[in-house]
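1. Quick check, what structure comes out for this input:
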Amino acid sequence: MKTIYFTTDKNIFNSCKREKLNVVLQDPMPIVQTMARFQFYYSDTKISYTNIEAEDGHFQQQLRMLQFVTKIIHL
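-> This next block holds a predicted model:
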């Protein structure tokens, strides 16, 4: 099953790495104008941005990914 986390939050990034999850730490100040609107918004407001990606039809995996990130945020 293919999954990946995209985040601008170093805490989320490091937690994912410790768990050996696929994760990309994105620059919080994107310079490429073709990036998603949400990422631009969160970059401008200095709010942490995290996006999870899982294969279509894998709802339970997506739910586990969200629960993992939610635990990190509430630490």
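2. Just grab the bridge partners of the closest residue in space to Lys17 that isn't next to it in sequence for me.
-> Once flanking residues are discounted, Lys17 sits nearest to Val23: 6.2 Å by Cβ to Cβ, 6 or more residues apart in numbering. Every residue, glycine included, has its C-beta placed from N, CA and C. Val23 forms beta bridges with Tyr5, as assigned by DSSP bridges.
3. Can you list the buried residues in the biggest helix by length in the chain?
-> Using DSSP state H to define each element, the chain has its longest helix at helix 59-73. Within helix 59-73, the residues scored as buried using 16 or more other Cβ atoms under 10 Å are 62, 65, 68-69, 72.
4. Looking at these, spot the one nearest Phe13.
-> Among those, Ile72 lies closest to Phe13 (Cβ to Cβ), at 9.8 Å.
5. Nearest spatial neighbour of the residue nearest to the spatial centre of the chain, chain-adjacent residues omitted?
-> Central residue check for the chain by Cα atoms, centre = their mean: the C-alpha nearest the mean position is that of Thr50, 2.9 Å away. For Thr50, ignoring the flanking residues on the chain, the nearest one in space by Cβ to Cβ, 6+ apart is Thr7 at 4.1 Å.
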